[in-house]
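In: turn this into a model:
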Amino acid sequence: MTVVTQPDVSVIIGAYEAMPYLVECLASVEAQTIDPARMEVIAVDDGSTDGTGEYLEEFAARAPMPVTVIRQENSGGPSGPRNVGLGKAAGRYVFFLDADDRLGAEALERMVAMADKNGTDVVLGKVEGINRIPPKSMWGKTLDRTDVFSSNIKFTLSAQKLFRRALLEKHGMRFDESLWTGEDALFTMEAYLRADGVSVVADYPCYYLVGREDGKHVTKTGSYTLRFDSARALMALIADMVPAGAKRDTLMIRPFLITLLPQFGPKFLTDGEEVRRHKFELAKPLMDAYWTPGVARRLKVHERLRLHLVAIQRPELLLDVVKFVKAKKQAAAVLEKRGTRLYLVYPHFRSKAAGIPDQVYLAEPREARAFEGYREAAANSFLRRALRKVRRMLPSGGFGAAAA
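Out: Down below sits the predicted model:
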């Protein structure tokens, strides 16, 4: 009699037009050091026409671990296939693997061990990029147990993490299929907030984020309105799950900084007047509901200034600031009496016509120290250049030769 045991981890792969990247993706699954008997693969072909489905079935026929292949009509996004896979998963944990990315050989073994050792519900494995820039700020050290408030994990909300399936089932968690982008941010943030602890594996590259040469990453496509939809959904989730105050402000940094602010960056300069107007209209209810002094205080001056101008609906002033920032000009500094306050003089500082409060330009201690360090380095560089220029003007032999 065969004893059927529960797999430790279900690897869920949603695949659409994934060739030839799928070949290396599945090879990385097959190369996992975890015992094949401890894992299963659930692959969902989302209506591909490039041989993706056929290759998945070939892999299933020869793979050392159980592989279930589901073929369906195209759903239009990653949420549908992930939800289908999640509905079929039997593992204690699930891991969502994109079909064009790869796993480090020890990834699943290390992440499952980390979750089991610490009883945590979510495990982040270090991400490295191949022709793509990965998130970086959360990989400073391996953490047995942390949470979304006391670490930088809020800046990686992609779905490529290990989740305890019991947590997802307890709360009926699924990906929002009404969102065309940012659906993974919503899912992962909810998991962070509901989790009994989060672990970080920072000493081993668990996941390789692969840049496709054909540019078919869903995060790179779609209109700007989808970004506002994503920001709106994430902000509403945070507000619903976290009471107003410092903790909520800490989390709100993520949608303001990563999702909303880029809409008012260099691209804003090339937007037409109608698009600029529409962006301000879309942003207004979000700024009214969620933009607080606590969020503003946690941002750099140029970030705070741009969002402040969005909040007070001043697009004409925003254009000046975006041009200044795009040109990478270094703002001058103004020290008040006794040097207790450092203001960075971006456009419209203390302009009566603009009427922007000084507080918007006030550098918080970390940014102030960074600015002072930059200014000191620039001054030293200027002195070194001046000294080299003087030496070139002197007779051969340097200062001593001139005096001889």
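
In: contacts for the helix or strand harbouring Leu124, please.
Out: Element membership of Leu124, judged by DSSP states H and E, is strand 122-130. With Cβ atoms under 8 Å, 6 or more residues apart in numbering as the test, strand 122-130 has contacts from 102, 104, 107, 110-112, 114-115, 134-135, 138-139, 153, 156, 160-164, 167, 188, 191-192, 195, 197-211. Using the backbone N, CA and C atoms, a C-beta is placed for each residue, glycine as well.

In: wait, isn't Ala90 in contact with Val9?
Out: No. With contact taken as Cβ atoms under 8 Å, Ala90 and Val9 are classed as non-touching, separated by 10.1 Å.

In: on that earlier part again, what pairs with the helix or strand following the strand holding Leu124, parallel or antiparallel?
Out: Next along the chain after strand 122-130, taking DSSP H and E as the criterion, comes strand 143-146. Note on strand 143-146: by DSSP bridges, its sheet partners are strand 198-210 (antiparallel).

In: what is the mean pLDDT for the partner strand?
Out: Mean pLDDT, strand 198-210: 97.

In: swap in stretch 54-71?
Out: 97.

In: ditto for stretch 260-279
Out: 97.

In: for stretch 231-239, same thing?
Out: On average, stretch 231-239 scores 98.

In: work out the gap between that stretch and the centre of the chain.
Out: 15 Å (Cα atoms, centre = their mean, to the nearest Å).

In: pull out the buried residues from the contacts of strand 122-130.
Out: When the contacts of strand 122-130 are checked for burial by 16 or more other Cβ atoms under 10 Å, the buried set is 102, 104, 107, 110-112, 114-115, 134-135, 138-139, 153, 156, 160-164, 167, 188, 191-192, 195, 197-202, 205-210.

In: how much space between Ile12 and Val29?
Out: 11 Å (Cβ to Cβ, to the nearest Å).

In: and for Leu168?
Out: According to Cβ to Cβ, Leu168 and Val29 sit 21 Å apart.

In: pLDDT below threshold where in the chain?
Out: 1-4, 214-222, 338, 373-404 (pLDDT under 70).

In: rerun that using 90 as the cut-off
Out: 1-5, 76, 180-181, 212-223, 328-341, 365-366, 368-404 (pLDDT under 90).

In: how's it carved up into domains?
Out: Split into domains by automatic domain parsing, the chain comes to 9-220, 224-331+347-355.

In: of those domains, flag the one that's most buried.
Out: domain 9-220 (a mean of 19; mean count of other Cβ atoms under 10 Å).

In: starting at the chain centroid, how far to that domain?
Out: Using Cα atoms, centre = their mean, the offset of domain 9-220 from its chain centre is 15 Å.

In: joint contacts of Ala90 and Val9?
Out: Shared contacts of Ala90 and Val9, counting by Cβ under 8 Å, 6+ apart, come down to Glu40.

In: correct me, but Asp121 touches Tyr192?
Out: No. Judged on Cβ under 8 Å, Asp121 makes no contact with Tyr192 at a distance of 9.1 Å.

In: residues that sit against both of those two, list them.
Out: Val198.

In: what ranges do the strands span in the stretch 51-200 of the chain?
Out: Listed in chain order, the strands of the stretch 51-200 of the chain (DSSP state E, counting those that start in this stretch) span 67-72, 93-98, 102-103, 122-130, 143-146, 162-164, 198-210.

In: make a markdown table out of those strands and add distance to Ala353.
Out: Formatted as a markdown table, those follow (distance: least, Cβ to Cβ, whole Å):
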| stretch | distance to Ala353 |
| --- | --- |
| strand 67-72 | 59 |
| strand 93-98 | 50 |
| strand 102-103 | 55 |
| strand 122-130 | 45 |
| strand 143-146 | 47 |
| strand 162-164 | 52 |
| strand 198-210 | 46 |
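
In: figure out which of these is closest to Gln330.
Out: strand 122-130 (28.9 Å; Cβ to Cβ).
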